[in-house]
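> what follows is a predicted protein model with its sequence.
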Amino acid sequence: MVATSFLEADQIDPFMIRAQVSLCLHGSHQFAILQRRSSSWSSGIAMSIKQPLWKPPSRDVEDPVLKVYNSLTKSKTEFIPRNGRIVKWYNCGPTVYDASHMGHARNYVTQDILRRIMSDYFGYDVQFVMNVTDIDDKAIRQIILRARQKHLFETFRNQVTSLSPELVNRVHTAWKAHVSTKVSKGLPVEMKPREGEEDSDWLRILEFVEDKDKKSDCLKRNEKFDMYLTAARQTFSALSVAREKLSLSLSDRDYALRFLDESRDVLAASLDEELKHTVSDPSIFRALAAYWEDQFFKDMDRLRVRRPDTLTRVTEYVPEIVDFVKQIIHNGYGYEHDGSVYFDTSAFDSTSHHVYAKLEPWSKGNRELLAEGEGWPSGYVEAEYSMTFVILGALSSGSGKRSAADFALWKASKAGEPSWPSPWGPGRPGWHIECSVMASAIFGDNMDIHSGGVDLAFPHHDNEMAQSEAYHECESWVNYFIHTGHLHIEGLKMSKSLKNFITIDEILRRFSPRQLRLAFLLQLWNTKIDFSESLMTGEVKTIETNLNNFFTTIKAIVLANDGQSDGRHHYENPERELMSELYQSKHAFRAALCDSFNTPEALKVLRDLVSRTNVYINSRGKELNVGLVEQSARWIGEMLRMFGLGEGERHELGWGTEQSDNSSGINRDEVLMPYLRVLSSFRDGVRRVAIAKGNDALKEILKLCDQLRDDDLVPLGVALDDQEDGKALVKLVSPADLIRARDEKRRKLEAQAVKKAAAKQEQEMKRLAKLEKGRIPPEQLFRPPNVPESEYSQWNEQGLPTAYGSGEKLSKNQEKKLVKQWNDQKKLHDEFLAWQEQL
C-alpha cells in the first residue's frame with residue numbers, strides 16, 4: 001500500500017491491488033485476468049473527465065480581399081482565378097521596328113510591377129505569356145517598309161565597285177525626288193521647289209529655314225519636316241564631296257561606300273519606290289524585327305523587367321493562324337473576298353451567346369478607331385464629310401467588307417509585302433488575329449488575365465475577344481482585362497513633333513531604373529501618368545534619398561551592436577507601440593495592394609513606417625531595441641524589392657545600392673588597399689604635426705580629421721557622422737551618392753560665390769557706365785558730334801542752344817528741357833572729373 005499512498009482515495013484501482021496479491025498466491029494466469037479488469041476501470045475514469053468546450057475566435061479585423069479594376073466591368077471586381085493558385089496571364093507585347101521609348105517603359109515596367117505583386121506578394125503561380133509582333137497589318141508602314149528599304153539598300157551597296165558619274169547621277173536623281181516629294185510637304189506654296197530647278201531652289205530653301213519662326217511653321221505643316229530636311233542636307237553635302245572626288249580622279253570603292261552611307265535615307269526610299277515589288281521573302285522582314293526585338297529585351301533587362309515565361313512571335317505561328325481563320329469561317333463568322341478574309345461582326349453579334357465590343361461598346365461606330373484597326377494611319381479620318389465618305393468606302397464596299405465594323409483576319413499581300421501560302425492565296429495575318437491564335441495555343445479557350453495599353457482596348461482587344469470566342473464558341477475568353485494608362489510628358493502626349501519623344505536609352509542616361517520604377521509606382525497603374533522633370537527631381541529623388549538614409553542608419557546601428565545582452569529586455573511602451581505600428585503597416589500595405597494594386601498608397605504606408613521608425617530611433621538613444629528596428633527595416637526592404645526596386649543580394653538589409661552587372665569575385669588587395677592607404681596617409685599627417693610641435697598643432701589635427709571625413713573616405717563610400725558623445729557613426733553608402741552630395745554642396749557654395757562676384761561686377765559696371773556718361777562737358781553736350789550738324793545753329797556762352805539749324809528760335813518749353821539736360825550732364829561731368837583725379 002505504500003505505492004498508492006500518494007493517490008486520492010477515488011483514484012486507487014482495486015483490481016490492480018488484487019492482481020498484485022493474486023500474482024503472489026495463484027500465478028500469472030489469474031494476474032492477467034485481473035489486469036484486464038484494471039484497464040477497463042481506468043478507461044471508465046478517463047471517459048468521465050472531458051476537455052472544456054473550445055469556441056473558435058471571432059475576427060476583429062477582416063482580411064482584405066484582392067479586387068482588380070476590370071476593363072470588362074469598368075469597376076473593381078474580386079479576383080477569382082479558375083484553377084486554384086494558378087493564374088494564366090497574357091500580355092500584349094511590342095511591335096519591334098524601332099528603339100524602345102518611354103511609352104514602352106510605362107507599359108512594361110507597370111505590367112512587371114503588377115506581375116511581381118501577384119507572384120511575389122500574393123503568392124499566385126503566374127504563367128506569364130507575351131508576344132512579339134514581328135509582322136502585322138498595323139505595322140505595315142514600319143516593319144515592312146524599313147526592312148524592305150534596308151534590304152534593297154544593302155543589296156545595291158554590295159554591288160557598287162567604284163565611285164562613278166553614273167552612281168552620282170543616280171543619287172542626285174533620288175535627292176531631287178526627295179526634295180520635291182518629302183521636303184516640300186512642309187514648305188509654303190511659294191517655297192516649293194520647281195520641277196527641274198531643285199538645285200537652284202535648294203539654296204533658297206536653306207536660306208528660308210534659317211528663320212526659326214518660318215521653320216516652326218514648316219514643322220506644323222509636316223511633323224517630319226526636320227527629318228526630311230536633315231536627310232536632304234546630308235545627301236546634298238555628300239553629292240558635293242563625291243563630285244569633287246571625281247574631279248580629282250578619285251574613284252576607289254571606299255569613297256563610293258562612304259558616299260552611299262551618307263546618302264542612305266534618300267537613296268533607300270528611291271530604291272524602294274522602284275524595286276519594292278521584287279521583295280516578298282518573309283525572312284527579310286524578320287531580320288529587322290529580330291534586331292529590334294533583341295534591343296527591346298536589352299532595354300527591358302536594364303529596366304529590371306522580368307522576361308516572360310513564354311514568348312511567342314507572330315511569324316512562328318502563321319500555320320496556326322491559317323487554321324484558326326479556317327475554323328472561324330467554318331463556324332459561320334468569317335468570309336473571303338479577293339484573297340482576304342474578314343470577320344463578320346454582324347453574324348457574331350446576332351447570336352444569343354456572343355457579344356461584340358465588350359470593352360467599349362460605345363466605340364462600335366468610331367470610324368477613326370476602326371480605320372486605325374485596319375492599318376490606316378492614325379488621324380487619317382478627318383471630320384469633313386468628304387473624307388469620311390472616302391474612308392467609309394475603304395472600310396466597307398471598296399475593300400469587299402459587308403460592314404464597316406468588319407475587320408481583316410487574313411490579308412492578301414500586295415507587291416513588296418511578305419506573304420505566306422493559304423487556301424485564299426498568298427497573304428499575311430491581320431493585326432488582331434495574332435494574339436488570339438498565340439494565346440489560344442498556350443491557354444486554350446480561357447485565361448484569367450489579359451493586359452495591355454489602354455489605347456489597344458478598341459478595336460484591337462475587342463476584336464481579339466470576338467474572334468477567339470467565335471473560334472472556341474465560348475462566351476468568355478478573358479476573365480479580367482487590365483489596361484495601363486497613357487503616358488504624358490510634361491502634360492503633353494509624347495510625340496516627335498512636340499520634341500518630347502524620349503527613348504529608353506536616353507532616359508536611362510539621366511535617371512536610374514529604380515527612379516523610373518519609383519515614378520510609375522507613385523501613380524495608379526490604370527490612370528494617365530504625367531512624367532515630368534519636377535516629378536523626377538522632386539518627389540522621386542526625395543523618396544530615394546530618404547530611404548537610402550534610413551537603410552544606411554539601420555545598417556550602422558546593426559553593425560555597431562555586438563549582440564551581447566546588457567541585462568535589460570529593451571521592450572517598454574515605445575517598443576510595443578513601434579511593433580504595433582509595424583503590424584498595422586503590414587495590414588494597411590496588404591489592403592492597399594488588394595485595392596486594385598494601389599501602389600501609391602502602399603508606398604505611403606512604407607514611407608510612414610520609415611518616419612515612425614526614425615522617430616523611435618531618435619527618441620530612445622541607448623535604450624534602442626536593435627532587433628525591432630532591424631525587423632522593421634527588413635520588412636520595408638523586402639516590400640521594396642518585391643516591387644522590383646532592389647539591387648544586390650536579397651538577404652541584404654534594405655533595398656541595396658545600384659551596382660554594375662559585371663561585378664564578380666572579390667580581390668582582397670583591391671578591396672583593402674584603398675582603405676589602408678587612406679589610414680596610412682592620415683597617420684602620416686598626424687605624426688608630422690605631432691613631431692613639429694607647432695602652436696597650431698591641435699587645429700592642424702582637426703583639419704586632418706575633417707579632410708579624412710570629407711575627402712579621403714568619400715570616394716570609398718564611407719560616411720562619418722559626428723555624434724555628441726565624440727564617437728562617429730560609421731555608415732557605408734554608395735560612393736557615387738556621397739560624391740554627388742559633397743560635390744553638390746561645393747557647387748552651391750561656388751555658385752553663391754560666383755553670384756556674389758557677378759553682382760559686385762554688375763554694380764561696378766553700372767557705376768562705370770554712369771561715370772562714362774559724364775565724360776562730355778555740359779558745354780559740348782549740344783554741339784556736334786554729340787548732336788547732328790544741322791540740329792542747332794546758335795548757342796550761348798554755356799553751350800545751350802538758342803536757335804534751331806533753320807535759324808528759328810527755341811520755344812520756352814524746349815529751352816527748359818535743354819537746361820534740365822545741361823544741369824544733369826554738369827552733375828555727371830563733375831563726378832567724372834572727381835573720379836579721374838582719384839585714378
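Nice, I can see it.
> centroid-nearest residue for the chain?
residue 105 (3.9 Å; CA atoms, centre = their mean).
> residues near the nearest residue to residue 742 once chain neighbours are set aside, how many?
Leaving aside its sequence neighbours, residue 742 sits nearest to residue 714 (CB to CB, 6 or more residues apart in numbering; 5.5 Å). C-beta here means a position set from N, CA and C on the backbone, and glycine is covered the same way. Counted by other CB atoms under 10 Å, the residues lying close to residue 714 total 21.
> so who does residue 714 touch?
735, 738-739, 742 (CB atoms under 8 Å, 6 or more residues apart in numbering).
> would you mind giving me the PyMOL syntax to select the buried ones in those residues?
To isolate the buried members of the contacts of residue 714 in PyMOL, using 16 or more other CB atoms under 10 Å:
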select buried, resi 738
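> now pLDDT too, for the contacts of residue 714, in a markdown table please.
Shown next, in a markdown table, are the contacts of residue 714 (pLDDT from 0 to 100):
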| residue | pLDDT |
| --- | --- |
| 735 | 86 |
| 738 | 85 |
| 739 | 85 |
| 742 | 83 |
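> the contacts of residue 714 in strands, which ones?
With strands defined by DSSP state E, no entry of the contacts of residue 714 lies inside them.
> return the subset of the contacts of residue 714 lying in helices.
735, 738-739, 742 (DSSP state H).
> residue 550: which of these is nearest?
residue 738 (16.2 Å; CB to CB).
> chain neighbours aside, what residue packs nearest to that closest one?
Nearest to residue 738 is residue 714, by CB to CB, 6+ apart, at 4.6 Å.
> pLDDT score for the one you found?
At residue 714, the predicted lDDT confidence score is 85.
> now do residue 499
Residue 499 is given a pLDDT of 60.
> cool, the one 4 residues further on as well?
Reading off the confidence values, residue 503 has pLDDT 91.
> where's it relative to residue 486, distance?
18 Å (CB to CB, to the nearest Å).
> what do you get for residue 104?
Per CB to CB, residue 104 is found 13 Å from residue 486.
> compare these two (neighbour count), which wins?
residue 104 (21 against 17).
> packing partners for the helix or strand hosting the more buried one?
Per DSSP states H and E: residue 104 is located in helix 102-116. In terms of contacts (3 or more CB pairs under 8 Å, 6 or more residues apart in numbering; DSSP states H and E), helix 102-116 is packed against helix 282-302, strand 447-453, strand 478-484, strand 487-489, helix 504-508, helix 513-521, strand 529-531.
> would you format these as TSV with mean neighbour count and distance to residue 410 included?
Putting these into TSV (neighbours: other CB atoms under 10 Å; distance: least, CB to CB, whole Å) gives the following:
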stretch	mean neighbour count	distance to residue 410
helix 282-302	18	15
strand 447-453	23	22
strand 478-484	23	23
strand 487-489	19	33
helix 504-508	17	34
helix 513-521	23	38
strand 529-531	20	37
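> low pLDDT regions in the stretch 201-350 of the chain?
Counting by pLDDT under 70, the stretch 201-350 of the chain contains no low-confidence range.
> can you map out the helices along the stretch 501-650 of the chain?
For the stretch 501-650 of the chain, applying DSSP state H, counting those that start in this stretch gives helices covering 504-508, 513-521, 533-534, 541-560, 573-594, 599-620, 626-642.
> tell me the buried residues in the last one?
Yep, that's helix 626-642 we're talking about. Per 16+ other CB under 10 Å, helix 626-642 contains these buried residues: 626, 628-630, 632-642.
> now the two most distant members of those.
Longest span within the buried residues of helix 626-642, CB to CB: 626 and 642, 24.4 Å.
> return the helix or strand in this protein with minimum mean pLDDT.
Ranked by mean pLDDT, DSSP states H and E, the weakest helix or strand in the chain is helix 385-395, scoring a mean of 37.
> sheet partners, orientation included, of the very next helix or strand once past that helix?
Using DSSP H and E, the helix or strand that follows helix 385-395 in sequence is strand 407-412. Strand 407-412 has the following strand partners under DSSP bridges: strand 340-343 (antiparallel), strand 427-429 (antiparallel).
> what helix or strand does residue 695 sit in?
Using DSSP H and E, residue 695 falls within no helix or strand.
> how close does the closest residue to residue 285 other than its chain neighbours get to residue 412?
Nearest residue to residue 285 in three dimensions, chain neighbours excluded: residue 147, at 4.2 Å (CB to CB, 6+ apart). Counting by CB to CB, the gap from residue 147 to residue 412 is 20 Å.
> neighbour-wise, which of the two wins?
Neighbour count, other CB under 10 Å: between residue 147 and residue 412, residue 147 has more, with 24 against 19.
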